[in-house]
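# Sequence plus the predicted model coming up.
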Amino acid sequence: MENTIAVLPEKSAANAYIDDQINKFNDELIIAGYSQRTMTMYELYVRDFLEFANKKVEEIGRQDVVSFIAAKKQKENLANSSLALIHAALHYFFHEFHKHKILEDVKIPKKAKKIPTVLTPLEIKQLINAAKFGRNKCIIEFLYSTGTRVSEATKIKLVDLDLKERIARVKGGKGNKDRVIILSNTWIKDFKKYFKR
């Protein structure tokens, strides 16, 4: 008789077990204050791993994790940044949530360091000038002059703008952090014109 203690018996039982683990893990991530995007990715990778391992959490070992990450690299040709995210998701799931320290000596894949491609000052000028006066032009000028992310800019309300002091408050930025940004005189002038309309 084969030793099948570590393997979950039926597919339906395995799915129910994984769903239960993911639901509990989701609650932990909510309490920890992770963004919805991070939670979605962590849950996706943890579910994928649990289906791959087909074992109960307490029966999973280091080699299961190594095999999973290696398979992702070889079969799916994932970038190192994606592998690092998988590692982070599994690390939180096992080390923080289950207190099952199996990733301590599993190497984190190094992210490739690339110089970002940026627009030249002339290209930025052409981009701004190509936009018709109004909302779109104000948005482009705002993003360029403040350095805010698009996701941050979409959350800014009128009450967050202090045109007199030339500042704005960004709420719930990356890492769910608030910060104050400086507004350019050119943007304020164009925004006031647009707002009057």
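Cool, got the structure.

# residue ranges of the helices in this protein, please?
11-32, 36-53, 62-75, 80-91, 121-130, 135-146, 150-153, 185-196 (DSSP state H).

# Provide the contact partners of the first one at residue level.
Outside helix 11-32, the residues that touch it by Cβ atoms under 8 Å, 6 or more residues apart in numbering are 8, 38-39, 42-43, 46-47, 50-51, 54, 56-57, 92-93, 96-97. All C-beta spots, glycine's among them, are computed from the backbone N, C-alpha and C.

# circling back: and the helices of the chain as TSV, adding distance to Lys171 and mean pLDDT?
Shown next, in TSV, are the helices of the chain (distance: least, Cβ to Cβ, whole Å; pLDDT from 0 to 100):
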stretch	distance to Lys171	mean pLDDT
helix 11-32	19	89
helix 36-53	15	94
helix 62-75	35	92
helix 80-91	25	92
helix 121-130	26	90
helix 135-146	14	91
helix 150-153	8	89
helix 185-196	19	90
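
# Let's have those helices in JSON lines, adding distance to Glu165.
Below are those laid out as JSON lines (distance: least, Cβ to Cβ, whole Å):
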{"stretch": "helix 11-32", "distance to Glu165": "35"}
{"stretch": "helix 36-53", "distance to Glu165": "32"}
{"stretch": "helix 62-75", "distance to Glu165": "49"}
{"stretch": "helix 80-91", "distance to Glu165": "39"}
{"stretch": "helix 121-130", "distance to Glu165": "24"}
{"stretch": "helix 135-146", "distance to Glu165": "14"}
{"stretch": "helix 150-153", "distance to Glu165": "19"}
{"stretch": "helix 185-196", "distance to Glu165": "11"}
